[in-house]
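Q: One predicted model, sequence on top.
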Amino acid sequence: MYNFEFKNPVKIIFGKDTISKVVTEIPKNAKILMTYGGGSIKQNGVYDQVKNALSEVELFEFGGIEANPHYETCMKAVEIVKSEKIDFLLSVGGGSVLDATKFIAAAALYTNGDPWDILAKNKPVKDALPIGAVLTLPATGSEMNGNSVITRVSTTEKMAFGSPKVMPQFSILDPQCVYTLPDKQIANGVVDAFVHVMEQYLTFPVNSPIQDRFAESILTTLIEEGPKVLANKKEYEAAANFMWSATVALNGLIGVGVPQDWVTHMIGHELTAFHGIDHARTLAIVLPGVMNIKRENKKDKILQYGERIWGINSGTDDEKIDAAIAKTVEFFESVGLPTKLPAYNVGEETIAKIVARFEKRPYKLGEKADIDFRQVEQILKDRL
Ligand code: NZQ
Ligand code: ZN
């Protein structure tokens with residue numbers, strides 16, 4: 001196992017009817033900006049629960065944050081933060097609202113030029129406004145990490161940044177929020193969480209049995225609980241297990257001391273940037289291609305994954321790897337996510353545009369930093 005340091009200060013408040021606890025978590029006498037998305041919280045009662053809990057608090061609102069949140073929208077919120085002298089941000093929504101809120105928190109206090117540089121040039125976040133979250137969609141793990149992914153519409157770029165400064169002070173997770181999710185968002189959440197685990201697990205062995213078994217337990221739980229939630233989204237226990245799985249998939253714990261990949265996400269972000277495909281769907285497309293093209297590099301872990309998760313223990317190594325890829329594809333498709341590019345009307349033309357972007361970047365991808373634009377092309381062509 002590699003050396004590591006680990007600190008996760010996010011307070012999680014998990015469970016049924018916990019949203020009203022928001023009032024005990026926000027700082028007294030703070031001027032709060034509540035951020036939210038396209039209106040789901042007004043339909044499912046979450047908005048009213050938060051407003052009722054905070055009836056005594058000075059609360060401003062900023063709604064309309066898109067899925068795959070836009071830089072342009074975030075900057076409008078930054079203006080409000082500055083003009084109203086906001087000192088605490090409360091995100092009420094899914095990963096997109098929370099990611100946007102993280103960027104707003106950092107951009108509002110950024111004094112080193114254009115805040116876009118935080119995303120495009122990896123400029124450090126020295127300070128950020130404090131954030132709290134009421135999470136309404138299990139998927140990203142954003143509620144317990146310092147990551148944020150933002151899209152700039154004018155340049156069709158989707159870029160990420162990470163900083164401990166934007167980790168929420170607290171996140172409230174009421175699994176009852178799952179009850180109103182469209183099936184598509186539940187399936188997306190299951191697959192996003194699944195692939196977060198795979199990015200931190202399907203690399204090469206470094207003798208880290210704790211991390212491996214944490215990772216395998218999350219994968220197995222998602223495989224068992226995901227279909228239960230899809231069959232009956234109002235089954236509280238399944239919703240709760242799904243929600244917690246998504247949080248622990250990307251709160252840092254399973255990734256400590258082990259190599260990490262993230263190439264599936266990096267390629268996936270480009271598919272979203274060019275075609276607006278839902279984040280999780282891009283991952284369902286790309287991951288099987290990564291497993292196929294990187295089968296030698298990842299051999300030991302793919303075999304372990306195949307055996308421990310899917311019970312694959314007969315055949316040659318190549319046959320076992322093929323079977324592990326097939327099982328992964330079957331799982332994604334069984335929850336409703338197509339895994340080939342033509343199903344999303346994406347072809348060679350987009351592959352060429354994505355490959356050209358990676359060709360310009362001065363770094364290689366993957367746990368061994370050996371994936372260049374040529375391999376990105378192979379991975380995408382594998383999915384035609
Ligand atoms: O906008 P509203 O009206 O709220 O509707 C949302 C949105 O249309 C709806 N929704 C959310 N909670 C609901 C609900 N509808 C009914 N009932 C509820 N309880 O669901 C739709 C999708 O929401 P969104 O927040 O976009 O989904 P998700 O949480 O999957 O977030 C996706 C974004 O997170 C980024 C992705 O790239 C994408 O931009 N990611 C963030 C990560 C992180 N911060 O660590 C890691 C991930 O890999 C990912 O990249
Ligand atoms: Zn993801």
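A: Now that the structure is in, tell me what you want to look at. Residues are numbered from 1 along each chain as shown. Ligands and ions are numbered 1, 2, ... in the order given.
Q: and the host helix or strand of residue 96, what does it pack onto?
A: Residue 96 is part of helix 95-108 when elements are defined by DSSP states H and E. Applying 3 or more Cβ pairs under 8 Å, 6 or more residues apart in numbering; DSSP states H and E, we find helix 95-108 packed against strand 31-36, helix 71-84, strand 88-93, helix 116-120, strand 131-135, strand 147-152. Every residue, glycine included, has its C-beta placed from N, CA and C.
Q: what sits up against the fifth one?
A: Counting by Cβ atoms under 8 Å, 6 or more residues apart in numbering, strand 131-135 makes contact with 19, 22, 25-26, 46, 50, 88-94, 98, 101-102, 105, 142-143, 166-174, 177, 243, all of which sit outside it.
Q: Buried members of these into ChimeraX, please.
A: Here is the ChimeraX command that selects the buried residues among those (16 or more other Cβ atoms under 10 Å):
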select :19,22,25,26,46,50,88,89,90,91,92,93,94,98,101,102,105,142,143,166,167,168,170,171,172,173,174,177,243
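Q: from the contacts of strand 131-135, which are also near ligand 1?
A: For ligand 1, the contacts drawn from the contacts of strand 131-135 by Cβ under 6 Å from any ligand atom are 93, 94, 142, 177.
Q: got the residues you listed as JSON lines, with pLDDT columns?
A: Output for those, formatted as JSON lines (pLDDT from 0 to 100):
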{"residue": "93", "pLDDT": "98"}
{"residue": "94", "pLDDT": "98"}
{"residue": "142", "pLDDT": "98"}
{"residue": "177", "pLDDT": "98"}
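Q: Check the residues you listed against ligand 1 and report the nearest one.
A: Nearest to ligand 1 among these: residue 94, at 2.4 Å, using Cβ to the nearest ligand atom.
Q: and that closest one, backbone torsions?
A: Taking degrees, to the nearest 10, you get phi -90, psi -160 for the backbone angles of residue 94.
Q: which residue packs closest to it, ignoring adjacent ones?
A: Of all residues not flanking residue 94 in the chain, residue 137 sits nearest, at 3.3 Å (Cβ to Cβ, 6 or more residues apart in numbering).
Q: What's the separation between the one you found and residue 186?
A: 9 Å (Cβ to Cβ, to the nearest Å).
Q: Which one's more surrounded, the two?
A: Neighbours were tallied for residue 137 and for residue 186 using other Cβ atoms under 10 Å; the higher tally belongs to residue 137 (27 against 23).
Q: Give me the pLDDT for that one.
A: In this model, residue 137 is scored at 98, pLDDT.
Q: Kindly report the same for residue 28.
A: Per-residue pLDDT puts residue 28 at 88.
Q: Same check on the one 10 residues further on?
A: Model confidence at residue 38, expressed as pLDDT, equals 97.
Q: just checking, it touches residue 66?
A: Yes: here residue 38 reaches residue 66: they are 7.1 Å apart, a contact under Cβ atoms under 8 Å.
Q: Close to ligand 1: what parts of the stretch 201-350 of the chain are there?
A: Contacts of the stretch 201-350 of the chain with ligand 1, taken as Cβ under 6 Å from any ligand atom, map to 250, 265, 279.
Q: Check the stretch 251-384 of the chain for the residue nearest ligand 1 and tell me.
A: Using Cβ to the nearest ligand atom, the single residue of the stretch 251-384 of the chain nearest to ligand 1 is residue 279, 3.8 Å away.
Q: Distance check, the residue nearest the centre of the chain against ligand 1.
A: Closest residue to the average C-alpha location of the chain: residue 140 at 2.9 Å, with Cα atoms, centre = their mean. Distance from residue 140 to ligand 1, counting by Cβ to the nearest ligand atom, to the nearest Å: 4 Å.
Q: check which helix or strand covers that residue.
A: According to DSSP H and E, residue 140 maps onto no helix or strand at all.
Q: From residue 95, how far off is it?
A: 3 Å.
Q: picking up where we left off before, so the residue nearest to residue 94 lies in a strand, does it not?
A: No: counting by DSSP: H, G, I helix; E, B strand; the rest coil, residue 137 is not part of a strand but coil.
Q: That one contacts residue 97, correct?
A: No: with contact defined as Cβ under 8 Å, residue 137 does not reach residue 97; the gap is 9.0 Å.
Q: sorry, back to before: tell me which two in the ones next to ligand 1 among the contacts of strand 131-135 are the farthest apart.
A: The span of these, defined through Cβ to Cβ, is set by 142 and 177 at 14.3 Å.
Q: For the residue nearest to residue 94, give me its contacts.
A: Residue 137 sits in contact with 93, 94, 95, 177, 181, 185, 189, where contact means Cβ under 8 Å, 6+ apart.
Q: CSV please, covering the helices and strands packed on helix 95-108 and showing distance to residue 61.
A: Below are these laid out as CSV (distance: least, Cβ to Cβ, whole Å):
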stretch, distance to residue 61
strand 31-36, 5
helix 71-84, 9
strand 88-93, 10
helix 116-120, 25
strand 131-135, 14
strand 147-152, 20
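Q: How is residue 362 assigned, secondary-structure-wise?
A: Recorded secondary structure, residue 362: coil (three-state DSSP).
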